[in-house]
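K.L.:
model the following, please.
(chains A and B)
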Amino acid sequence: MSSEVERRLEAMFAEAPEPDPGAGEEALHRALHALHPVAAPRRGLRTAVLAFAAAILLLVVAAGSLAAVGALHVTFGAKAKPRPATSQLSLPKGANGLAAIVSGRLAVVTRGGHLHGLPATAVALSPHALYVAAGIDRSLVAMAPDGRRAWLHPVGGSVVSIAWAPDGFRIAYVVHAGRRLVLHAIWGDGTHDRVIDRSVRGVRPSWRADSLAFAYVGAGGNAIVYDLAHTSRSVVASSKRMGAVTQLAFAPSGNGLAIAGRSGVATKGVCRLPAFPRRSVDWIGWLGSSLLVAHGGRHTALDSLSCGGGFGSSDFGGKIVAFDAGGQRLAVAVARAKNNVLVVGTSLPFRNLRSVSRLPRGARVTELAVG
Amino acid sequence: MRKARRGDREAAAALFRRYWRDAWRAAFAITGRRSLADDVAADGFERAFGALGRFDDRRPFGPWLHRIVANRALDLLRAERRLSDEELPDTPDFAPPHSVGDRSLLAVVAELSVERRAVVVLRYGVGMTPKQIAEALDLPVGTVNSRLARALEQLRESLEVEHVE
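P.N.:
Sure, this is the predicted structure:
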């Protein structure tokens, strides 16, 4: 009977479906892009390798001799890797959710539950934090906060940044494709993925309040607004002095856009804000109608620029290593000399913010999302 | 192969065209979904071409590629299971609209666990020997043989039940 089953299996697989021609073309493009030429071995190179190997051998023999007489301590094997630092977050009062990537691992808390410990490269929250989108192992994954997977979309590379539209219907994300970064937009249910730009920078895209457009940074360092309704893109003019755009943030209402570069910030479609000195800017975001600008490198200050000339500055007592401010709430991860903290709040100054996690020493926060 | 390793795009494209169909069909047979098969096969080629420099060109390319594709498909299906509290169907849309002669067999193959399905696909779909499968999936040959035997037994029982009903 088994042989009959085997015969039927062979016949069945022989009639398996064919791949779509379009998929083959796309795959060929990707495969050729991954091709790294290997130089043919040369005699000179071989001689150099042999000489290097001989030198290493001599060193090992010498070290062995010293170890034998107690003059040198020798250990073999890889150094034990430190356990990955993970963090349990607490949900700030009034917030729907908070997500972070801490030392390469996902830490999420929402009203619906916790997610903790999955290796991830990027994270974003859906509106009201009902879902979490994360870059996990060359896939974009949407999960309910209790850990149940909503969908998984293989993307062929590690996801660099994710931005969920305010209406929840779309997600923009940047993914590694060989040596390039490619910008995609996908529906919130994990279908209808399409490439928006084949060469961009890894800056997190920012959605306009009406969810019909988003801004991203093109390969040349310009801010570009992509209009979904007209499938058109427009480059946002900025001064040469500002240099390549490193951060961008649409205002939580209206069409206002703030962009930051190597020296300063610029806004478009926003009320007149106080002048900001030409400084290198680390992060920007919005809290209500105030533009928040973090600058200062090792000791970051967070300035708040408001319509009508209002200006405030907060000292966080350390370096801001991750930041998110999407209009109603801000989240800030601060690396200090003695401790690292993750704070969340709805208003500045710093004392108004609440600590939601004391991060393990050495923990590296690379992504933050608050909703 | 040597030309492809040296970065000759024409040679690499020829290599791709020679193996793409088989790699895709193996990916489809394991994952059961066209969209996943597209991604898994493309990913397999991307990884294979990215690692051509480490490939021993005295060995055949096909089994090496199938090893990458099969492992990628298994990783993906396992990741799906790990991310879900629910018992996910491994091949949710395996009621294929395409023309396949033995639909009842296809349906029971879809009910196999991904581990058993992978060895069945590599044995009867790709034509690899148990030893080659063992190398591809990094398993002992005995494990491959026992998975094959159990898979065939499960298929036989399922087909018998179907026949009786």
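K.L.:
specify the local secondary structure of B:V144.
P.N.:
Look at B:V144: counting by DSSP: H, G, I helix; E, B strand; the rest coil, its state is helix.
K.L.:
what of A:R272?
P.N.:
Under three-state DSSP, A:R272 comes out as coil.
K.L.:
and the helix or strand in which A:E367 is found, what does it pack onto?
P.N.:
A:E367 belongs to strand A:365-370 when elements are defined using DSSP states H and E. Based on contacts counted as 3 or more C-beta pairs under 8 Å, 6 or more residues apart in numbering or on different chains; DSSP states H and E, the elements that strand A:365-370 packs against are strand A:97-102, strand A:122-125, strand A:319-327, strand A:330-335, strand A:340-345. Glycine gets a C-beta too; all of them are placed from N, C-alpha and C.
K.L.:
do that again at 7 Å, thanks
P.N.:
Secondary-structure packing of strand A:365-370 (3 or more C-beta pairs under 7 Å, 6 or more residues apart in numbering or on different chains; DSSP states H and E): strand A:97-102, strand A:122-125, strand A:319-327, strand A:330-335.
K.L.:
and those strands: which comes nearest chain B?
P.N.:
strand A:122-125 (14.1 Å; C-beta to the nearest C-beta).
K.L.:
contacts for that closest one, please.
P.N.:
A:97, A:99, A:101, A:106, A:132-135, A:159-164, A:367, A:369, A:371 (C-beta atoms under 7 Å, 6 or more residues apart in numbering or on different chains).
K.L.:
kindly recompute the last result at 6 Å.
P.N.:
A:97, A:99, A:101, A:133-135, A:159-164, A:367, A:369, A:371 (C-beta atoms under 6 Å, 6 or more residues apart in numbering or on different chains).
K.L.:
same question for stretch A:312-328.
P.N.:
Residues beyond stretch A:312-328 that count as contacts (C-beta under 6 Å, 6+ apart) turn out to be A:252, A:283, A:285-287, A:292, A:294, A:298, A:300-304, A:331-336, A:348-350, A:365, A:368-370.
K.L.:
now that stretch: buried residues?
P.N.:
Buried positions in stretch A:312-328, judged by neighbour count with 16 or more other C-beta atoms under 10 Å in any protein chain shown: A:314, A:316, A:318-327.
K.L.:
over to stretch A:124-144?
P.N.:
By 16+ other C-beta under 10 Å, the buried positions in stretch A:124-144 come out as A:124-127, A:129-144.
K.L.:
one more: stretch B:45-63?
P.N.:
Going by neighbour count (16+ other C-beta under 10 Å), the buried part of stretch B:45-63 is B:45-50, B:52, B:55, B:61-63.
K.L.:
near chain B, which residues of the stretch 151-300 of chain A show up?
P.N.:
For the stretch 151-300 of chain A, the residues in contact with chain B (C-beta under 6 Å from any C-beta of the partner chain) are A:152, A:154, A:156.
K.L.:
so which of those sit within strands?
P.N.:
A:152, A:154 (DSSP state E).
K.L.:
one step back: using a markdown table, lay out the helices and strands packed on strand A:365-370 together with mean pLDDT.
P.N.:
Below are these laid out as a markdown table (pLDDT from 0 to 100):
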| stretch | mean pLDDT |
| --- | --- |
| strand A:97-102 | 90 |
| strand A:122-125 | 95 |
| strand A:319-327 | 86 |
| strand A:330-335 | 87 |
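K.L.:
tell me which residues of the worst-scoring helix or strand of chain B on mean pLDDT are tucked away?
P.N.:
Among the helices and strands of chain B, helix B:103-110 carries the lowest confidence by mean pLDDT, DSSP states H and E, at a mean of 75. Using 16+ other C-beta under 10 Å as the test for burial, helix B:103-110 gives B:105-110.
K.L.:
could you pull out the helices for the chain?
P.N.:
Using chain A. Counting by DSSP state H, one finds helices in chain A at the ranges A:2-14, A:21-33, A:43-68.
K.L.:
try again with chain B
P.N.:
Using DSSP H, helices in chain B cover B:2-5, B:9-31, B:34-50, B:61-82, B:103-110, B:114-120, B:130-137, B:141-164.
K.L.:
can you lay out the ones you listed as TSV showing distance to chain A?
P.N.:
TSV is the format used below for these (distance: least, C-beta to the nearest C-beta, whole Å):
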stretch	distance to chain A
helix B:2-5	5
helix B:9-31	4
helix B:34-50	3
helix B:61-82	6
helix B:103-110	5
helix B:114-120	7
helix B:130-137	13
helix B:141-164	5
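K.L.:
which stretch in the ones you listed has the least confidence?
P.N.:
Looking over the helices of chain B, mean pLDDT reaches its minimum on helix B:103-110, with a mean of 75.
K.L.:
now that helix, how far from the centre of its chain.
P.N.:
On the basis of C-alpha atoms, centre = their mean, to the nearest Å, helix B:103-110 sits 16 Å off its chain's mean C-alpha point.
K.L.:
what's the strand holding A:E367 in contact with?
P.N.:
By C-beta under 6 Å, 6+ apart, the list of residues contacting strand A:365-370 reads A:98-102, A:122-125, A:321-322, A:324, A:329, A:331, A:333, A:344.
K.L.:
let's see that strand as CSV, backbone CA atoms only.
P.N.:
Extracted as CSV, the C-alpha positions of strand A:365-370 are listed here (Å, rounded to 0.1, in the frame of the first residue of the first chain):
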residue,chain,number,x,y,z
VAL,A,365,16.6,51.2,23.5
THR,A,366,16.4,51.6,19.8
GLU,A,367,12.7,52.1,19.2
LEU,A,368,9.8,53.6,21.1
ALA,A,369,6.1,53.9,20.3
VAL,A,370,3.5,55.3,22.6
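K.L.:
in its sheet, what does it sit against?
P.N.:
strand A:97-102 (antiparallel) (DSSP bridges).
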